[in-house]
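> Give me coordinates for this.
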Amino acid sequence: MEEENGKHTEETRQVQVRFTTKLQPTLRVPTTSIAIPAHLTRYGLSDIVNTLLGNDKPQPFDFLVEGELVRTSLEKLLLIKGISAEKILNIEYILAVVPPKQEEPSLHDDWVSVVDGSYPNFIFTGSFDSIGRIWKGEGLCTHVLEGHRDAITSAAFIMPSDSSDNFANLATASKDQTLRLWQFKPNEHMTNGKMVRPYKLLKGHTSSVQTVSACPRGNLICSGSWDCSIKIWQIAGEMNIESNAGSVKKRKLEDSTEQIISQIEASRTLEGHSQCVSSVDWFEKDTIYSASWDHSVRSWDVETGFNSLTVGCGKALHCLSIGGEGSALIAAGGADSVLRIWDPRMPGTFTPILQLSSHKSWITACKWHPKSRHHLISASHDGTLKLWDVRSKVPLTTLEAHKDKVLCADWWKENCVISGGADSTLQIFSNLSIR
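Purely as a prediction, here's the structure:
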């Protein structure tokens with residue numbers, strides 16, 4: 001009887017709460033406090049808000065207390081945060097992120113090592129078969145980019161200040177120790193994979209080029225390599241195929257035709273890493289960020305070449321993304337299952353402000369959402385993608401994306417996630433409601 005009474009007391013314990021929101025007026029409930037059972041989790045809270053709204057069709061909500069997503073019962077939350085149960089608990093509710101729809105995969109001939117969703121009307125993929133491809137949604141390959149002699153490792157679309165909407169300008173990096181520049185018309189109607197050749201060759205690295213990033217609204221790109229260096233390339237005036245038509249020639253060999261394209265040399269080299277530079281992010285005009293197998297993330301002043309910040313974690317790093325609050329947070333993943341986030345605005349703080357652990361193997365890619373300061377994705381050798389909200393240490397959702405290692409991931413059209421993997425597929429997850 002005493003045990004039953006204890007259970008009854010636990011289930012009927014009440015807490016005074018006040019629901020608040022920044023959502024549109026039609027989704028706002030009265031702000032007067034009400035008493036609700038303390039054992040409720042976010043699902044029970046969502047039921048209450050839907051009842052107060054009088055929704056015939058329930059709308060899933062998430063809940064914030066002191067800026068953190070609720071992931072336990074209210075009773076446990078009060079204990080963890082040291083909040084008195086006698087006070088009114090303010091709970092902010094937001095729209096929950098609904099799991100996305102998985103589209104039909106697009107098959108490749110080899111591992112898909114690069115995906116880029118910079119443009120809303122197409123996707124770029126790079127593969128271990130050395131070929132780049134342009135996809136208009138699932139299954140339709142409109143352009144085939146041939147020119148590299150080994151796997152494509154990275155790609156970056158270049159957005160010069162005088163760019164035309166008629167052309168897309170792309171830089172790719174490869175294990176063949178080079179970068180190449182491409183230009184194509186993304187809006188032309190193609191259904192059978194139009195062949196595109198590179199019009200410039202960027203040569204200077206002495207080992208595999210692992211990563212490339214473009215200066216925002218500029219005519220510069222940077223690259224990182226297994227030769228431990230970062231190189232900056234000036235490509236102003238190189239992106240007009242019409243004026244550079246004479247730079248692409250072919251010569252007849254004994255049994256094949258080889259394309260000869262003019263070369264560009266690096267304008268500057270940044271040195272400081274002691275192992276492979278695995279990822280670069282030219283997020284701001286004056287600053288380049290880099291991650292390396294030497295366990296460090298560094299920032300570089302573009303004008304002086306000075307290494308202005310170094311943070312580390314004791315693990316080889318594979319990926320890097322700048323974004324989040326104030327577009328200032330550094331997210332990086334590598335040779336363990338932890339996604340780490342640093343805030344370089346905090347003086348003297350060289351340890352991560354967040355460590356998100358849910359993957360079961362190495363992390364290969366991470367990317368902040370282009371509009372949300374709270375959301376980012378990560379990809380792993382465990383075959384999954386995870387969607388994170390940094391207001392919780394538990395992922396919002398886990399996508400069983402590939403039958404093998406996930407090698408790359410990106411956002412597309414703000415409400416889609418794209419990924420490539422060792423199962424030789426491009427996967428698209430659509431209808432993500434990120435707000």
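
> Could you pull out the helices in this structure for me?
With DSSP state H as the criterion, the chain has helices at 2-12, 42-53, 74-81.

> Contacts only, for Glu325.
Glu325 sits next to Asp343, Arg373 when contact means C-beta atoms under 8 Å, 6 or more residues apart in numbering. C-betas here are computed from N, CA, C, even on glycine.

> so how many other residues sit close to Glu75?
For Glu75, the neighbour count with other C-beta atoms under 10 Å is 16.

> before we move on, back to that, and the helices of the chain, which one's lowest on average pLDDT?
Sorting the helices of the chain by mean pLDDT places helix 2-12 lowest, at a mean of 52.

> list the contacts for the closest residue to Val70 other than its chain neighbours?
The spatially closest residue to Val70, leaving aside those adjacent along the chain, is Phe63, at 4.3 Å (C-beta to C-beta, 6 or more residues apart in numbering). Neighbour list for Phe63: Arg42, Leu45, Ser46, Leu69, Val70, Ile91, Glu92, Tyr93, Ile94 [criterion: C-beta under 8 Å, 6+ apart].

> residues near the residue lying closest to Phe350 once chain neighbours are set aside, how many?
Once flanking residues are discounted, Phe350 sits nearest to Val311: 4.9 Å by C-beta to C-beta, 6+ apart. Applying other C-beta under 10 Å, we find 19 residues neighbouring Val311.

> Can you name the residues that contact Val311?
With contact set as C-beta under 8 Å, 6+ apart, Val311 has these partners: Ser296, Val297, Ile330, Trp342, Pro344, Phe350, Thr351.

> which one of the contacts of Phe63 sits closest to Val114?
Of all these, Val114 sits closest to Leu69, with 32.1 Å by C-beta to C-beta.

> Now for that closest one: which residues touch it?
Shown in contact with Leu69 (C-beta under 8 Å, 6+ apart): Arg42, Asp62, Phe63, Asp389, Arg391, Ser392, Val394.

> Quickly check the residues you listed for the two that are furthest apart.
Phe63 and Val394 (13.5 Å).

> Strands - which of the contacts of Leu69 land there?
Asp62, Phe63, Asp389 (DSSP state E).

> quick one: low-confidence ranges for the stretch 1-150 of the chain?
Low-confidence segments of the stretch 1-150 of the chain, defined by pLDDT under 70: 1-11.

> now swap in the stretch 251-400 of the chain and tell me
Along the stretch 251-400 of the chain, segments meeting pLDDT under 70 span 251-260, 349.

> Next, the contact list for Glu138, please.
Residues near Glu138 by C-beta under 8 Å, 6+ apart: Glu103, Glu104, Pro105, Ser106, Ile428.

> Could you identify which of those residues has the most neighbours?
Counting neighbours by other C-beta under 10 Å, the top entry in those is Ile428, with 25 neighbours.

> show me the contacts for the residue nearest to that one when sequence neighbours are not counted.
Spatially, and ignoring its direct neighbours in sequence, Ile428 is nearest to Glu103 (4.2 Å; C-beta to C-beta, 6+ apart). Applying C-beta under 8 Å, 6+ apart, we find Glu103 in contact with Gly137, Glu138, Gln427, Ile428, Phe429, Ser430.

> Serialize those to a markdown table and add fields for distance to Ser154.
Formatted as a markdown table, the contacts of Glu103 follow (distance: C-beta to C-beta, whole Å):
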| residue | distance to Ser154 |
| --- | --- |
| Gly137 | 23 |
| Glu138 | 23 |
| Gln427 | 19 |
| Ile428 | 20 |
| Phe429 | 22 |
| Ser430 | 25 |
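
> From these, pick the one nearest Trp412.
Nearest to Trp412 out of those is Ile428 (C-beta to C-beta; 7.3 Å).

> isn't that closest one right next to Cys416, touching?
Yes - contact criterion C-beta atoms under 8 Å: Ile428 and Cys416 qualify, at 6.0 Å.

> May I see the buried residues of stretch 415-432?
Across stretch 415-432, burial judged by 16 or more other C-beta atoms under 10 Å covers 415-430, 432.

> Which residues are in contact with Ile230?
Contacts of Ile230 by C-beta under 8 Å, 6+ apart are Cys222, Ser223, Gly224, Thr269, Leu270, Glu271, His273, Val277, Val280, Ile288, Ser290, Trp300.

> Would you mind checking those for buried ones?
Cys222, Ser223, Gly224, Leu270, His273, Val277, Val280, Ile288, Ser290, Trp300.

> Hmm, the second one is touching His205, no?
What it means is Ser223. Yes - taking contacts as C-beta under 8 Å, Ser223 lies within contact range of His205: 6.9 Å.

> Need the residues touching each of the two.
Taking C-beta under 8 Å, 6+ apart as the contact rule, Ser223 and His205 both touch Lys231.

> Just send the contacts of Glu138 back as CSV, with distance to Val338 too.
Shown next, in CSV, are the contacts of Glu138 (distance: C-beta to C-beta, whole Å):
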residue, distance to Val338
Glu103, 30
Glu104, 33
Pro105, 28
Ser106, 31
Ile428, 27
